[in-house]
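For reference, the sequence and a predicted model appear below.
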Amino acid sequence: MATSASQISKREVFVRLRELLGRLQRLVPSDEIGLSDTLEDRLGFPRNGRRGIATRINREFSEFEINVRGVQSRDAETVGDLLDLVWAAIQKSTAAVVSAAGLGAPAVLLGTNPLRRQAEEILDRHSDSKISVILQMNMGDSALQVRDLAGTTLDVMKRRSLLQSARDLRPMKNEERNRYRSGSAQVRRRMAKESLSFASQAVLATEAMTSVDKTGVDQRKAYFRSLVSKHAGIKQLRGKEKTKKKGAPVRKAKKKETFWLSGTTVLSVDRDELWNFTGDPSLTAGVDNICLNSVLRLPRVAEPKSLPQNVTDNMVSSWGVQAIGAMSVWGSFESRGEGIKVAVLDTGIDPMHPDLAGKLKNWAEFDGDGNRVTSTLADARETDAQSNHGTHVCGTVAGGNASGQWIGVAPGADLAAGAVLPGGSGTFAQILAGIEWAAEIGANVINMSLGGLTLDVEPPDIYTRTIISCLQLGIPVVTAIGNDGSQTTGTPGNDLFSYGVGATDSRDKAAGFSGGRTQVIRESEIFRPQDLPLVYSKPDISAPGVGIRSAAAGGGYRFLNGTSMATPHVSGAMALLMSAVPDLGGTPLERAFAVQDFLSSSVEELGESGQDHRYGQGRLDVLRAVGFAVE
């Protein structure tokens with residue numbers, strides 16, 4: 001352990017001391033303790049009761065084989081005083097060379113620099129010398145538009161949480177929509193405010209928020225690329241030359257991908273570079289957030305050992321296709337999803353499977369930095385032959401009946417397949433790149449049967465802007481809630497604006513593995529501080545996800561369990577609804593919300609009254625949803 005003493009810096013001492021004080025005084029979160037906080041007034045440690053603090057301090061730093069028993073905490077008025085005493089004791093008690101790294105401006109330590117806190121968390125969690133991070137930039141007017149949407153939907157979010165029936169979420173009927181469209185501005189606003197439908201609330205947002213056409217997209221792209229190319233901090237990190245030890249040749253950092261849809265860019269940086277960057281306001285101006293470019297694994301799925309009779313008795317179709325009323329929509333409304341493109345972001349697809357042949361219209365694959373690897377249909381393949389995950393999901397969305405049994409909810413829909421989890425794993429950057437690609441190729445629905453378990457009740461917000469941007473473009477983003485059971489969720493399924501899906505079995509019981517919980521947003525760049533904390537529930541809806549028969553690479557079929565299998569039932573149902581009822585709203589945002597609202601309001605209500613953690617609003621019923629939409 002002696003060698004570790006040579007690695008400790010004053011910054012690390014402060015972080016360790018701050019965490020220790022936070023544990024001693026649990027009423028004060030450790031990340032809110034700064035140098036100027038007094039031990040007595042702010043933290044509640046009286047002078048005559050500080051002997052125990054010194055003992056705990058010594059124990060905290062014992063792993064460095066450093067004796068700090070000489071610290072007299074009663075001589076310290078503030079955290080800064082205590083830090084100086086501990087630092088002096090460390091320097092005095094060890095012969096090892098300690099780093100003289102400074103702590104930066106007091107504002108950094110007082111918690112007014114969230115970027116420094118984010119960098120600190122990244123560095124504490126990962127010991128690698130090189131770290132891939134994602135920078136989220138301030139997108140100017142686009143950011144204001146996102147906040148506008150969040151503000152106009154916030155009130156209805158709170159009111160929806162108290163509802164006892166999913167039917168109250170139903171969008172306006174045709175007669176009401178006609179009255180709304182022909183009414184005055186005052187009538188329109190009154191009708192929208194009275195509704196609990198997100199589609200109705202969309203009209204309260206600014207015109208710029210609800211109308212994002214090709215011109216708007218091109219303007220966003222140009223703005224963001226110019227912003228990144230001219231940003232001093234990013235230029236320094238990308239262009240900085242690195243000299244390896246022992247006279248190794250100079251190497252320039254590789255330029256990473258940028259994502260206009262989310263306003264993010266990916267960088268590979270050294271630990272010291274990240275720390276110095278976040279401590280310099282002149283370099284971080286315009287940067288809203290920094291997060292690790294984390295790796296997501298393929299969600300756990302399982303092949304059932306046996307199948308109940310009510311599953312095997314379904315000879316014409318997979319039981320899930322029948323249970324949600326998809327085949328009845330085909331017959332009653334003469335719609336099988338024609339004219340709708342569903343983008344499946346997963347492990348890939350076997351485009352030669354007899355149930356998928358001719359359905360794939362777009363293909364792309366991305367590396368860990370979000371750069372495009374392949375793009376032609378000839379390259380399309382299932383990248384994970386063991387799980388066949390992407391092929392199975394695509395089959396449930398739009399598969400045919402080559403085997404004599406229908407496997408797809410919307411067999412007339414087109415498919416776009418993005419390999420964002422090649423071989424079964426992928427990064428945040430790959431997923432962001434896939435979402436942006438799907439939006440650019442004109443997808444009408446995005447299906448993501450993927451996710452990473454998050455233990456905190458506050459979900460990561462790395463996907464929020466991207467999902468809102470998709471909604472602006474009229475694209476619902478359908479996501480699996482996760483397979484780790486009750487009181488757990490995965491990201492991005494737990495994002496407020498994603499359409500999270502849980503799983504049910506053939507008896508309409510919630511699957512034991514299906515996730516769901518209450519989420520809390522405490523800090524946000526999107527919502528106003530006075531509106532926080534924001535509490536909401538996930539999932540939004542549930543669908544068949546146990547014993548689902550669908551396509552496997554090589555022309556075969558598999559039965560699988562998972563919320564990954566439930567999610568494409570919902571995406572396929574959206575394709576049916578959009579195809580059967582093209583006129584669902586005046587703007588892309590209204591249409592995207594209307595699709596979600598019609599599915600949520602028409603569910604088979606199960607479990608607790610209102611939205612719960614097991615079923616969401618209830619189990620999907622696409623026949624009822626289309627019926628509501630045409631009324």
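Perfect, I can see it now.

Now for Ala503: which residues touch it?
By Cβ atoms under 8 Å, 6 or more residues apart in numbering, the residues touching Ala503 are 483, 510-511, 513-514, 542-546, 561-563, 565-566. Every C-beta, even on glycine, is put in place using the N, C-alpha and C of the backbone.

mind redoing it with 6 Å?
Ala511, Ser514, Gly545, Thr563, Ala566 (Cβ atoms under 6 Å, 6 or more residues apart in numbering).

between those, which is closest to Gln236?
Comparing the contacts of Ala503 against Gln236 with Cβ to Cβ places Thr563 closest, at 42.5 Å.

Can you tell me who the residue nearest to the closest one when sequence neighbours are not counted pairs with across the strands?
Setting aside the residues directly before and after it, Thr563 is nearest to Ala480 in space (Cβ to Cβ, 6 or more residues apart in numbering), at 4.1 Å. With DSSP bridges applied, Ala480 shows beta-bridge pairing to Val501.

quick one: Ala480 and Gly493 touch, right?
Yes. Using Cβ atoms under 6 Å, Ala480 and Gly493 qualify as a contacting pair, with a distance of 5.4 Å.

Overlap in contacts, those two.
By the contact definition Cβ under 6 Å, 6+ apart, Ala480 and Gly493 are jointly contacted by Gly451.

So which residues of the stretch 151-300 of the chain form helices?
Taking DSSP state H, counting those that start in this stretch as the criterion, the stretch 151-300 of the chain carries its helices at 174-182, 185-194, 198-201, 207-210, 214-230, 232-239, 271-278, 281-284.

Lowest mean pLDDT across the ones you listed, which one is that?
Of all these, the minimum mean pLDDT falls on helix 207-210 (a mean of 46).

Roughly how far does the residue lying closest to Ala380 once chain neighbours are set aside sit from Lys235?
Closest residue in space to Ala380, ignoring its immediate chain neighbours: Trp363 at 4.0 Å, by Cβ to Cβ, 6+ apart. Distance of Trp363 to Lys235, given as Cβ to Cβ, to the nearest Å: 34 Å.

if you count what's nearby, which of these two comes out ahead?
Neighbours were counted for Trp363 and for Lys235 using other Cβ atoms under 10 Å; Trp363 has more, 23 against 13.

Could you look up the SS state of the more buried one?
In three-state terms, and counting by DSSP: H, G, I helix; E, B strand; the rest coil, Trp363 is strand.

still on that earlier bit, enumerate every residue touching the residue nearest to Thr563.
When contacts are counted by Cβ under 6 Å, 6+ apart, Ala480 touches Ser449, Gly451, Gly493, Val501, Thr563, Ser564, Thr567.

now Val546
Per Cβ under 6 Å, 6+ apart, neighbours of Val546: Asp505, Ala511, Asn561.

of those residues, closest to Asn310?
Asp505 (9.6 Å).

Give me the nearest residue to that closest one, chain neighbours excluded.
Counting by Cβ to Cβ, 6+ apart, the residue nearest Asp505 is Val546, at 3.9 Å.

Then His392?
Nearest to His392 is Ser550, by Cβ to Cβ, 6+ apart, at 4.5 Å.

Just give me the neighbour total for the one you found.
If you count neighbours by other Cβ under 10 Å, Ser550 ends up with 26.

Next: Gln530.
By the measure other Cβ under 10 Å, the count of residues near Gln530 is 5.

Tell me, what's the model's pLDDT at it?
73.

do the one 4 residues further on as well
For Leu534, the model assigns a pLDDT of 87.

Leaving out the residues flanking it, which one is nearest to it?
Nearest to Leu534 is Ile521, by Cβ to Cβ, 6+ apart, at 4.3 Å.

ok, that neighbour to Arg177 distance?
32 Å.

re earlier: please flag which of the contacts of Ala480 sit within helices.
Counted as lying in helices by DSSP state H, out of these, are Thr563, Ser564, Thr567.

Most neighbours among these, please name it.
Neighbour counts for the ones in helices among the contacts of Ala480, by other Cβ under 10 Å, peak at Thr567, which reaches 35 neighbours.

Was I right to think that one contacts Gly502?
No. Using Cβ under 6 Å, Thr567 makes no contact with Gly502, being 9.5 Å away.

Distance check, the residue nearest the centre of the chain against Gly556.
In the chain, the residue lying closest to the centroid (Cα atoms, centre = their mean) is Pro492, at 2.8 Å. To Gly556, Pro492 is 30 Å away according to Cβ to Cβ.

ditto for Ser318
For Ser318, the distance to Gly556 (Cβ to Cβ) stands at 15 Å.

So which of the two has more stuff around it?
Legend: neighbour count by other Cβ under 10 Å for Ser318 and Gly556, higher for Ser318 (28 against 12).

wait, isn't that one in contact with Gly404?
No. Counting by Cβ under 6 Å, Ser318 sits too far from Gly404 to count as a contact (11.8 Å).

out of everything not next to it in sequence, what's closest to Val409?
Gly572 (2.7 Å).

hang on, the one you found in a helix?
Yes. According to three-state DSSP, Gly572 belongs to a helix.

what's the neighbour count on it?
Counted with other Cβ under 10 Å, residues neighbouring Gly572 total 33.

Now do the same contact list for the residue nearest to Ala380.
Going by Cβ under 6 Å, 6+ apart, the list of residues near Trp363 reads Leu377, Ala380, Ala417.

What pLDDT does the model give the residue nearest to the last one when sequence neighbours are not counted?
In this case it means Ala417. Closest residue to Ala417 in three dimensions, ignoring its sequence neighbours and counting by Cβ to Cβ, 6+ apart: Ile349, at 4.1 Å. Ile349 is assigned a pLDDT of 98 by the prediction.

cool, Ser537 as well?
For Ser537, pLDDT reads 94.

gap between whichever strand or helix holds it and the chain center?
Take DSSP states H and E as the rule and Ser537 turns out to sit in strand 534-538. Computed by Cα atoms, centre = their mean, to the nearest Å, the separation of strand 534-538 from the middle of its chain amounts to 14 Å.
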